[in-house]
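A.B. asks: can't give you the sequence, but here's the structure:
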């Protein structure tokens with residue numbers, strides 16, 4: 001996995017520096033249930049330490065391992081965060097196991113998982129609210145018919161709505177990201193957003209249907225029904241198993 005040059009949100013997903021235009025690379029993998037414990041052990045005990053060495057040396061800004069809640073083809077996501085495209089595209093030297101005195105053959109996870117996709121994203125806007133950690137994150141994937149309009153409305157309307165509704169939503173963090181590579185009609189989504197929560201119950205409560213949802217009154221001027229008429233293609237909750245920054 002670490003042979004991929006561009007590798008994929010404290011126990012806080014994406015609790016990174018608020019630097020706009022930072023780059024995150026998501027490695028989406030499927031790990032069979034019988035391999036899950038060993039895969040997680042190797043990633044947390046070894047690869048996170050290798051990433052931490054790269055962070056300390058200024059070669060990247062964050063690394064995380066996330067696990068999908070429920071049944072999904074993507075069981076885990078590895079996240080690498082960089083402060084720029086230049087830093088991301090020159091990150092190959094980070095993944096040298098010798099920096100922690102290990103041999104790649106001893107800690108390889110290649111035989112434990114199947115890589116489904118490797119996608120590079122750019123952060124357009126993000127917020128962390130208060131001191132509570134983001135242990136569970138809702139990942140929302142979509143293909144708006146106008147990416148610029150989608151980003152603009154999130155910055156000018158939804159950003160303020162989310163700030164004002166923290167008390168009722170219990171959101172701990174939020175962000176909007178655009179896909180850099182790969183692109184095209186055959187790719188799954190052109191953007192993704194994230195809603196972070198301290199507990200799984202908070203995330204589930206946020207997703208469930210609510211009659212007379214108070215947020216509807218706060219977003220009367222929204223044009224999202226035209227920008228994103230089909231809504232999100234998929235929303236999935238993932239738990240942060242480990243995070244380094």
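C.D. replies: Noted; the coordinates are in hand. Note that the coordinates shown come from a computational prediction; the quantities given were computed from them, not determined experimentally.
A.B. asks: And stretch 190-208, end to end?
C.D. replies: Using Cα to Cα, to the nearest Å, the span of stretch 190-208 from its first residue to its last is 25 Å.
A.B. asks: what's around residue 241, how many residues?
C.D. replies: A count of nearby residues for residue 241, using other Cβ atoms under 10 Å, gives 17. Glycine gets a C-beta too; all of them are placed from N, C-alpha and C.
A.B. asks: Equivalent analysis for residue 216, please.
C.D. replies: By the other Cβ under 10 Å criterion, the neighbourhood of residue 216 contains 10 residues.
A.B. asks: Can you spell out which helices and strands pack onto the helix or strand containing it?
C.D. replies: Assessed by DSSP states H and E, residue 216 sits inside helix 214-218. Helices and strands in packing contact with helix 214-218 are listed as helix 159-164; criterion 3 or more Cβ pairs under 8 Å, 6 or more residues apart in numbering; DSSP states H and E.
A.B. asks: What is the subsequent helix or strand relative to the helix it packs on?
C.D. replies: Read in the C-terminal direction, the helix or strand following helix 159-164 is helix 166-169, with elements assigned using DSSP H and E.
A.B. asks: and the next helix or strand after that following helix, which strands flank it?
C.D. replies: Note on helix 166-169: by DSSP H and E, the next helix or strand toward the C-terminus is strand 171-181. When sheet partners are counted by DSSP bridges, strand 171-181 sits next to strand 114-128 (antiparallel), strand 191-197 (antiparallel).
A.B. asks: Give me whichever of those is most buried.
C.D. replies: Comparing those by mean neighbour count (mean count of other Cβ atoms under 10 Å), strand 191-197 comes out on top with a mean of 23.
A.B. asks: which residues touch it?
C.D. replies: Contact with strand 191-197 is made by 9, 12-14, 121, 134-144, 147, 150-151, 154, 169-179, 203, 206, as judged by Cβ atoms under 8 Å, 6 or more residues apart in numbering.
A.B. asks: average pLDDT for that strand?
C.D. replies: Mean pLDDT, computed over strand 191-197, is 98.
A.B. asks: Equivalent analysis for stretch 206-217, please.
C.D. replies: Here the mean pLDDT over stretch 206-217 is 83, rounded to a whole number.
A.B. asks: do the same with stretch 25-38
C.D. replies: Averaged across stretch 25-38, pLDDT comes to 98.
A.B. asks: Determine the three-state secondary structure at residue 209.
C.D. replies: Counting by DSSP: H, G, I helix; E, B strand; the rest coil, the backbone at residue 209 sits in coil.
A.B. asks: quick one, phi psi at it?
C.D. replies: Residue 209 has phi and psi values of phi -70, psi 140 when expressed as degrees, to the nearest 10.
A.B. asks: before we move on, back to that, now the helix holding residue 216, how far from the chain's geometric center?
C.D. replies: Taking the mean of its C-alpha atoms, helix 214-218 sits 26 Å from the chain's own mean (Cα atoms, centre = their mean, to the nearest Å).
A.B. asks: List the buried residues in that helix.
C.D. replies: Under the neighbour-count criterion of 16 or more other Cβ atoms under 10 Å, helix 214-218 has residue 218 buried.
A.B. asks: Likewise for stretch 29-47?
C.D. replies: Neighbour counts using 16+ other Cβ under 10 Å place 29, 31, 39, 40, 42, 43, 46, 47 of stretch 29-47 among the buried residues.
A.B. asks: again with stretch 147-161
C.D. replies: 147, 150, 151, 153, 154, 157, 158, 159.
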